Each structure stands twice: as C-alpha cells, then as structure tokens.
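[1] pasting the sequence and the predicted model now:
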There are 2 protein chains.
Amino acid sequence: MIFYEKLLGNALFHGLELPVLRRLLEEVSYQRKHYPAETFIACEGEVSSGIHFLLNGSVRAEMSSLSGKVLKIEDIEGKRILAPAFIFGKNNRYPVDIIANRETECLFLTRHVFLRLLGMNETILRNYLDIISDRTQFLSDKLRFLTLQTIRGKIALYLLNCSRESGESQFRLPISHARLAELFGVARPSLTRSLHELKERKLIEIDGKAIRIIKKRELSMLIE
Amino acid sequence: MIFYEKLLGNALFHGLELPVLRRLLEEVSYQRKHYPAETFIACEGEVSSGIHFLLNGSVRAEMSSLSGKVLKIEDIEGKRILAPAFIFGKNNRYPVDIIANRETECLFLTRHVFLRLLGMNETILRNYLDIISDRTQFLSDKLRFLTLQTIRGKIALYLLNCSRESGESQFRLPISHARLAELFGVARPSLTRSLHELKERKLIEIDGKAIRIIKKRELSMLIE
DNA sequence: TTTTATTTGTAACATATGTTACAAAAATGT
DNA sequence: ACATTTTTGTAACATATGTTACAAATAAAA
C-alpha cells in the first residue's frame, strides 16, 4: 500500500527501512480517517485517545479563550504527527483545537496500539523522544516570540528570516497580512500599520507584497 | 547515602524501590553540584550537556529578550528535574536561563549517562516520557495564560484558584505584587492598579495582602 | 522600640495595540 | 475583459498596559 511510503517520511520512522515498517504495521491495527475542510480533528479539552499521522492535507492548531479570542499556534503540513505529546503525562487532554485547513487524511493509532509500537522498536522510541523534545523547544520559542516581542520586533524577525532564507534583500511576502497577524497574535490593521511605520522610517520598501530590506542593521535593532 | 532517598521522590523514579534505584545509581557516574544564590545553573542558548536533579534549594527559569525584558517561566522547588526536555531533539540548547533563587544543590548526570539510565529500566523510561509530556502541557497552558488573558483575567484566574485551594473566600496573597507581576508577565504598578479596579467594582475586598472574594460569579466572568 | 528595607497604593503621562469602518488596489474566477 | 472576492492601506478613536516617581503602610532587622 502506498501510504507505507508516506509514513516513512514521518520523523517517527526516520532510519527505518520500508520492509521493517511494513512488518511492524502489519502487526498493529490502525484506521484511516478523512476530514473535510474546517472540521475539528481534535478539540481543546478533549482527552487524547490516540495519535494522528498526517497523510495528506493541512491542519492548524489553535487555542481560543472563552471570550472568543483565537491564537493560532501553527499550520501543519506534510508528514507530521498531530499533537504528539499528549499520550503520556498526567493530563491527556488536548490544549489546542486541531482543525483541517482543507480536505485532510490521517492515519490514526489508538493510544494502546501506539504504546505497543514504541515498545517494538528502539529506533521508533528514540525518534519519539526527539519529536516531543522538539515540541517543547517549539513551544518555548513561541512563548518567547509572542510575549517578549513587540509587533515591530516580530516583523523585524520575520522579514530578516525571509531575507535569510531566500538569500536576497528583496522578496515577496509568502502570506497575507491577515495570516501573518494570526501568527503574530495581533490584529491585522495593527500589523499593516507597523509594517508601514518601518517604511516611513526608510528601513524597508513596500510595494504590495514585495518587500525590500534597505537597512538590515537598523531593522535588526528593532528586535527586542 | 541519604540522597538516594531524596532522588526517589523524583517523578523519574516513581514506582521504583530504593534498593533498585541504589543498584542502578551504583552503575553510573554522577556529580553533586552546589550553586550559591543567584548563580546561573544553565544559560539561554547554551547546549545542554546533561541533566540536573534538584536536591535542595530553589531555582527559577526565565527568558530574557535582547532589550532586557525578563519573563519568568516558573519557580522550581522540591524533587524536580531541571529542563528535562533538552537532551533529545534537534536542538539541545536551553531556551531559558536557570538561576538559583538561593543556595541550591543538584545531582548532575551527563547526557551519555542519562541515556544509559533510561535504557536500563522500563519504569524510568516511561516516567521520563510522562515528565516531558507534562512539560508540553505546562508550556501550552503558560502560552494560553500569557497571551490570551488580560491582566484582569489573570488576576481573576489566580484569585479564584487561591480561593479554591484554600476552600475559603478569604485568604492572604502568598506572594508580593512584584512576584505576581513577574508571573503574569506585566508591570507591577499595572497589576496593583487592576487589582484595585476589582475592588472599586466591589468584586473583591482588599486589605493589604488579605483578599476576600465577594462576587465569585462576576469575578469569573472576567476570565477571557 | 527604633531603624531600615520592602511592599503597596497612586497619579500623571507615554506608548502600544485593538476596533471599526471604508476605500483603493490586487488577485481570482468566469 | 468583466465581475467578484480578497487583500491592503488608512484614519479616527478606544482601551490596555507600561513608565516613572513618590508617599504611605507594612514588615524585618537591629
């Protein structure tokens, strides 16, 4: 079956050979699940009964407050495990909603089956430790970014990162202001306003989605 | 040695008998480390070379921005592992500073030794998985608290929690406004101001550190 | 008790960010 | 090429929080 190969791309199975993975999966039971766009794959507060491997599609993880404020944590695409760290520990409830951005397909293993899988293979166990450790790093970074940076600082970090990745001082914003604002946990007009403040100060040039960094040095000074 | 018993209280060794733990520890090497008050046990950005078990004392974990803003993540006392989740994963750097609040003693195992320990005993491994999973829950909760709540909301959550823990509608704040403000990631006068705003609204009474909740219902409505 | 240090309360003011609303521009679908 | 939808830019205003400074109250030390 073709999805064995897809699974092999998942960090959990890194270092495994396809035949080995196939043999392991033949021993355990699993389900394939389909989610139409905007359906909830998991719900904040719900007890995690197992683990989802993303096969196709795209999902987002977000938290919301009682009053309706929403904080997007991340978009997840590609060969990832969704919310990997809530199988173990004292509290097995999801701290976030997980919602399909578009039509999405997952492989689901129950908690019990997943525990068995971890016990069957050293490499998988080790990979799992890596994965959940990476999650704590990710969350720590998110915490720093969201609570210690001003909007200006967030923009500076983001733009400098775009520039570094592309190797160019000019590039196009890969996403809309609205999505960027979600990621920054701020209001969209506030983001646009701050972005143009940087233009006024002549640190960057803006032409729609096209950005050119003029004063890299000064821009990086805006990082808190 | 007396510290075997102290270690046994650590969640990592939960479910182990003292003789078993003693035997395991006799097979591995470790160091005892002393830290005077206000010394750095670990430093943001530094690569984690092993793992610290807190034996005595108290430490705090905090992040700081380039511009000097400090966000306290938590105070750690009792039988805890410090920064347990940075041994595995792609990035083994500490995302926080870990600083001794007062004179503190730790047991230190190198990464290598710690990995061996995990391999020697199923229970320990399982406990470790629980511990780092709890860390992701903790960080998720922190993220929600810090980014989704207003100061009012933070105070409401905190006071209602104090009340629930003590079982009384009146109690004394166990810490100063200054420390509370650190925990909330806000400025001290802003915290005091918001606290007194609740008094003006007659939701609580304040007499120095003594607090009495008058309108529990309305107070809980301030939670975002 | 007296002295000293810490904590609390408060005011005036600065700044950052959110809210709402709308027009202009750009992208997309037909 | 036209119509429709999405995105961007912007203004006016509201609100939340930070900053600084200082006096009053309280707690700790001598």
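    Alright, I've got the coordinates.
[2] is residue A:206 in a bridge, and if so with what?
    residue A:211 (DSSP bridges).
[3] in terms of secondary structure, what does the biggest helix by length in chain A contact?
    As assigned by DSSP state H, the longest helix anywhere in chain A is helix A:122-148. Packing partners of helix A:122-148 (3 or more CB pairs under 8 Å, 6 or more residues apart in numbering or on different chains; DSSP states H and E): strand A:70-77, helix A:111-120, strand B:58-64, strand B:70-77, helix B:122-148. In this view, the C-beta of every residue, glycine as well, is placed from N, C-alpha and C.
[4] what's around the nearest residue to residue A:18 once chain neighbours are set aside, how many residues?
    Nearest residue to residue A:18, sequence neighbours excluded (CB to CB, 6 or more residues apart in numbering or on different chains): residue A:8, at 5.8 Å. If you count neighbours by other CB atoms under 10 Å in any protein chain shown, residue A:8 ends up with 17.
[5] ok, residue A:8 touching residue A:19?
    No - using CB atoms under 8 Å, residue A:8 is not in contact with residue A:19; the gap is 10.6 Å.
[6] tell me how far the residue nearest to residue A:18 lies from residue B:40.
    42 Å (CB to CB, to the nearest Å).
[7] quick one: pLDDT of the residue nearest the centre of chain A?
    Closest residue to the average C-alpha location of chain A: residue A:74 at 3.7 Å, with CA atoms, centre = their mean. Residue A:74 carries a pLDDT value of 95.
[8] quick check: bridge partners of it?
    residue A:61.
[9] can you give me every residue that contacts it?
    Residues near residue A:74 by CB atoms under 8 Å, 6 or more residues apart in numbering or on different chains: A:60-61, A:138.
[10] by neighbour count, which of the residues you listed wins?
    In these, the most neighbours by other CB under 10 Å go to residue A:61, 22 neighbours.
[11] would you check that that residue makes contact with residue A:101?
    No - counting by CB under 8 Å, residue A:101 is not a contact partner of residue A:61; they are 10.8 Å apart.
[12] run a quick neighbour tally on the closest residue to residue A:28 other than its chain neighbours.
    Leaving aside its chain neighbours, residue A:28 sits nearest to residue A:113 (4.8 Å; criterion: CB to CB, 6+ apart). By other CB under 10 Å, 17 other residues sit near residue A:113.
[13] separation between residue A:113 and residue B:130?
    Per CB to CB, residue A:113 is found 19 Å from residue B:130.
[14] ok, now residue A:173?
    Residue A:173 sits at a distance of 42 Å from residue B:130 (criterion: CB to CB).
[15] okay, buried residues for stretch A:10-23 please.
    A:10-13, A:16, A:21 (16 or more other CB atoms under 10 Å in any protein chain shown).
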